[in-house]
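>>> Whatever this is, show me its structure:
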Amino acid sequence: MRVAIDATPLTLTSGGLVRYTRELSLALAAGFPDDQFVLVSDQPFDLPHGAPANLTAGKGPQNALERRWWLWGLHHEMERLSAEVFHGTNFAVPYIPRRPSVLTLHDLSPWMDPGWHHAADRVRGRTPLLIELGCATVILTDTEAVRRQAIEYFRIHPSRVVAVPLGGLPRTDMPAAEEGPPYFLFVGTLEPRKNIDGLLASWRVVRRRHPVDLVLAGRRREDFPELAPEPGLRVLGEVPDQELPKLYKGALALVYPSRYEGFGLPVLEAMQCGAYAIISRDPALLEVAGDAAVAAEGEKELAAAMTAALTQPERAREWKEKAVRRARDFSWERTARLTYEVYEEARERFGR
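Residues are numbered from 1 along each chain as shown. Next up is the predicted model:
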C-alpha cells in the first residue's frame, strides 16, 4: 500500500499534533516495511529524524494552481505518488473525494468553546462539511470518549468512526530525575483550555504551607497571556522531547487539570516515567489513565491531591506503580497497527 500522510502539523515546533504525526509515520514505516508512506504538505517541513527508506517527503505545490492545495494541489500530488489512501492528521482531507481518505478528529474543542481557539475558524467551518459530505471515508478519534462525542455532535454513523489510542514517549530509556527543589509539573501548550489559572491557584494554596515549586513546560500560544514572575514558579517554555522524561521522573506529580482533552499525551508520558498523575475528570483523560491517576476538580480538590502527593510518600508510590502498569497498554507500534487496519477498511469502504 502507498499512503499519503498530511505533514502540516510538522510545521509546528511542539505539541500533540507534532508528536502524533511524527511518531505515527515513523511507526507505520517501521511496522510495514513493504509499504510506502509519504508525508505531504503545501508548506515546508522537516522529515522526522531517523525516517526509514519507506518514509519519504512529497514535493508540495508545483505551480500556482496547486497552491489551492486541498482542492487541486493534493489531488495532483497523490497522482504523482500513485497514493492509494490519504490520511489527514489534522482535521482535514481533500475536498473532492477521488481516493479513500482517513480523517483524524483529535477532539471537538474547536466547536465547544470559541475562546479555546483563537485561530480555528477554518477548522470550525471546514471539518463539519467534510464529514457531512462524506469526503472522509473513515474518521479516527484518539479515544472512545471523543468517538462518542463525534457520533452525537456530527450525527455520524457509528460504523464510520474508529477509536485508535495513541502511544507516548518514543523511547524506553529513562534518565536520572531532574534535581533541585521539589516541584509539581505541567506539560503542554499554554492555552486557555488547559486551565492554567486553576492550576496556579491550587499550587499557591499548597505553597502557603509547603516550599514546593510549580514547573510549566510547553509552548505559550499567542492567545495565552504571559505569566508574571513569582517565587517558585518556573516557566520553561518549549522543552525538547528528550528532556521530558527527566522532568516527569523528578516531579512530585504531573498536574493536568485540563477542561477538555481528546487524549492527553502528557498524562500517558508521565505514567510511562512512573510519575504520580493528577488529572481533571475529563472523560478522555479518565479513559487513558484508567485507575492509575488521581482525579480532582476545582481549587480545593486539586490542592488536596497535590498536598497528598507531597506529604504521603507511600500513597504516592502506590499510584506510581499503578501508572507504570497502565502505561504498558499503550505504544506507537500498536497505534500504527490499528491505524493501518483503518487504511485497509477505508479502501474497502470507498465507493460503496
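>>> I'd guessed Lys320 sits against Cys273; true?
No. Lys320 sits out of contact with Cys273 when judged by Cβ atoms under 8 Å, with a separation of 9.2 Å. Where you see a C-beta, it was placed from the backbone N, CA and C, and this is true even at glycine.
>>> out of those two, which sits in the busier spot?
Cys273 (25 against 21; other Cβ atoms under 10 Å).
>>> Tell me the spacing between that one and Leu169.
7 Å (Cβ to Cβ, to the nearest Å).
>>> what do the two both touch?
The contact sets of Cys273 and Leu169 overlap at Pro245 (Cβ atoms under 8 Å, 6 or more residues apart in numbering).
>>> What are the buried residues along the lowest-mean-pLDDT helix or strand in the chain?
Taking mean pLDDT, DSSP states H and E as the measure, the chain has helix 121-132 as its least confident helix or strand, at a mean of 87. By neighbour count on 16 or more other Cβ atoms under 10 Å, the buried set for helix 121-132 is 123, 126-127, 130-131.
>>> Closest to Ala201 out of these?
Nearest to Ala201 among the buried residues of helix 121-132 is Val123, at 30.6 Å by Cβ to Cβ.
>>> Next, count neighbours for Gln43.
For Gln43, the neighbour count with other Cβ under 10 Å is 11.
>>> Please identify which helix or strand holds it.
Here Gln43, judged by DSSP states H and E, is contained in no helix and no strand.
>>> for this protein, what spans make up the strands?
Assigned by DSSP state E, the strands in the chain fall at 2-6, 36-40, 55-57, 85-88, 101-104, 138-141, 161-163, 183-187, 213-217, 233-237, 253-256, 277-279, 294-295.
>>> that older thread, what does the least confident helix or strand of the chain rub up against?
Contacts for helix 121-132 (Cβ under 8 Å, 6+ apart): 91-93, 95, 103, 105, 110-111, 117, 135-136, 139, 154, 156.
>>> Helices - which of those land there?
110-111, 154 (DSSP state H).
>>> and those residues as JSON lines, adding distance to Gly31?
Output for the ones in helices among the contacts of helix 121-132, formatted as JSON lines (distance: Cβ to Cβ, whole Å):
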{"residue": "Pro110", "distance to Gly31": "31"}
{"residue": "Trp111", "distance to Gly31": "33"}
{"residue": "Phe154", "distance to Gly31": "30"}
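>>> Top of these by number of neighbours, please.
Going by other Cβ under 10 Å, Pro110 tops the ones in helices among the contacts of helix 121-132 with 20 neighbours.
>>> For Leu28, see how far away Leu55 is.
Leu55 is 8 Å from Leu28, where distance means Cβ to Cβ.
>>> can you list residues touching both of these two?
Joint contacts of Leu55 and Leu28 (Cβ under 8 Å, 6+ apart) are Phe37.
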